[in-house]
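Q: pasting the structure only:
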């Protein structure tokens, strides 16, 4: 949240497509690893989360290396809200 300069907004609402994809990859990888290892305890799930995060992190770094651009940026995906016109005014 600090990286994007957000206070109380939903972080996902301010992610670009690649940021969302890599977040989802980390979550899905963690779930798959935890299920396949039948993680039951907090420590087992914590290990699965670190491994899942590493999968997504490695994929992100590979894309950044090949594309020459960073995936995560300080830019917010949602545009600034413009004042709305009042009904009936020209």
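A: Arrived safely, thanks for sending. A quick note: this is a predicted structure, and the numbers were derived from the prediction, not measured. Numbers count the residues shown, from 1 in each chain.
Q: C-alpha from now on. contacts and neighbour counts both.
A: OK.
Q: so where's this structure shaky on pLDDT?
A: Scanning the chain for pLDDT under 70 picks out the ranges 1, 77-84, 88-90.
Q: quick one: the helices in it, in order.
A: Residue ranges of the helices in the chain, as given by DSSP state H, are 17-36, 42-67.
Q: could I get those as CSV with mean neighbour count and distance to residue 2?
A: Below are those laid out as CSV (neighbours: other CA atoms under 10 Å; distance: least, CA to CA, whole Å):
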stretch, mean neighbour count, distance to residue 2
helix 17-36, 17, 15
helix 42-67, 15, 19
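Q: who's in contact with the residue nearest to the spatial centre of the chain?
A: Most central in the chain under CA atoms, centre = their mean is residue 23, positioned 3.6 Å from the mean C-alpha point. Going by CA atoms under 8 Å, 6 or more residues apart in numbering, residue 23 touches residue 56.
Q: my read: residue 18 touches residue 71, true?
A: Yes - here residue 18 reaches residue 71: they are 6.3 Å apart, a contact under CA atoms under 8 Å.
Q: if we can go back for a sec, and the residue nearest to the centre of the chain, how far is that from residue 55?
A: Noted for residue 23: a distance of 11 Å to residue 55, by CA to CA, to the nearest Å.
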